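Peer 1: the following comprises the amino acid sequence and a computationally predicted model.
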Amino acid sequence: MSTLMAVFAHPDDETFICGGTLARASREGHRVILVCATKGEMGRRMGVPPVATRESIGSVREEELKNACQALGIAKLTLLGLRDKSLEIQPYESLVSRVLSELMAERPQAVVTFHEKYGGHPDHCTIGKATTDAFQRYRETEPGARLYYVAWSHMYDERDALLLSADQFVRVDVSKDSRAKLMAFRAHKTQSGMNDAIWRDEKSAASRLGGHEFFLQAHSPYQRGATGLFDS
């Protein structure tokens with residue numbers, strides 16, 4: 001049994017971006033751990049109809065995250081307790097140290113996070129950069145560990161413009177884990193409530209989530225044609 005650690009910024013990042021992969025890893029017997037930097041308390045969505053207020057949104061989203069972790073088979077959740085939408089102004093070395101401490105404690109063989117340039121949101125890019133720097137230090141004691149960045153299918157078509165190699169991409173089949181991903185989507189009710197398709201009958205809703213998720217290998221030599229995060 002190997003350990004997979006995901007390091008993200010907000011509740012729902014783990015589900016909306018790579019929930020199928022996390023569920024698949026758990027189903028296949030790996031230990032899956034999630035480190036989440038914030039509670040997403042600055043998010044604007046309160047649910048449809050609203051199930052939270054500006055005052056309660058942080059605690060509501062924390063509970064949603066715990067329920068999503070259960071749906072995905074995540075064995076351990078660690079919240080770093082940092083303020084939402086503030087990661088880029090946090091003391092950077094402290095953030096790196098927090099992530100490194102989690103890596104050293106759990107000793108994962110695979111780590112998933114955001115790319116520091118392609119994460120989109122400033123919080124995403126910051127936690128991705130901090131995780132990358134923490135991983136470089138961790139890898140000195142765990143040389144076989146591998147780091148991956150979440151990606152999207154369109155990035156493959158745009159890889160030349162993004163200065164990415166085709167061999168970097170990992171395409172993971174998550175078709176057997178669509179129900180687990182759907183249940184996690186639904187657990188994040190404040191964020192998914194406005195998506196009518198998610199709340200249709202299970203079979204229809206699950207089919208809309210897609211059968212594959214994509215990642216970038218952070219370090220060469222790349223495993224050409226890799227279809228899983230534990231490919232050797």
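Peer 2: Right, received. Where do you want to start? As the structure is a prediction and not an experimental result, all values here were calculated from the model.
Peer 1: where are the low-confidence patches of the chain?
Peer 2: 232 (pLDDT under 70).
Peer 1: 90 instead, please
Peer 2: 1, 40-56, 119-120, 152-153, 156, 193-210, 220, 224-225, 231-232 (pLDDT under 90).
Peer 1: show me where it has strands.
Peer 2: 3-8, 31-38, 76-82, 110-113, 146-151, 169-173, 212-217 (DSSP state E).
Peer 1: which non-adjacent residue is nearest R31?
Peer 2: Of all residues not flanking R31 in the chain, T3 sits nearest, at 4.5 Å (C-beta to C-beta, 6 or more residues apart in numbering). Every residue, glycine included, has its C-beta placed from N, CA and C.
Peer 1: any idea which residue is closest to the centre of this protein?
Peer 2: E14 (3.5 Å; C-alpha atoms, centre = their mean).
Peer 1: surely that residue meets L34?
Peer 2: Yes - the criterion here is C-beta atoms under 8 Å, and E14 meets it with L34 at 5.4 Å.
Peer 1: common neighbours of the two, please.
Peer 2: When contacts are counted by C-beta atoms under 8 Å, 6 or more residues apart in numbering, E14 and L34 have A6, F8, L22, C69, I74 as shared neighbours.
Peer 1: closest to V172 among those?
Peer 2: Taking C-beta to C-beta as the measure, V172 lies nearest L22 of those, at 10.2 Å.
Peer 1: the closest one contacts F8, doesn't it?
Peer 2: No - L22 is beyond contact range of F8, at 10.6 Å (criterion: C-beta under 8 Å).
Peer 1: what touches both of those two?
Peer 2: Common neighbours of L22 and F8 (C-beta under 8 Å, 6+ apart) are E14, L34.
Peer 1: brilliant, that's me finished.
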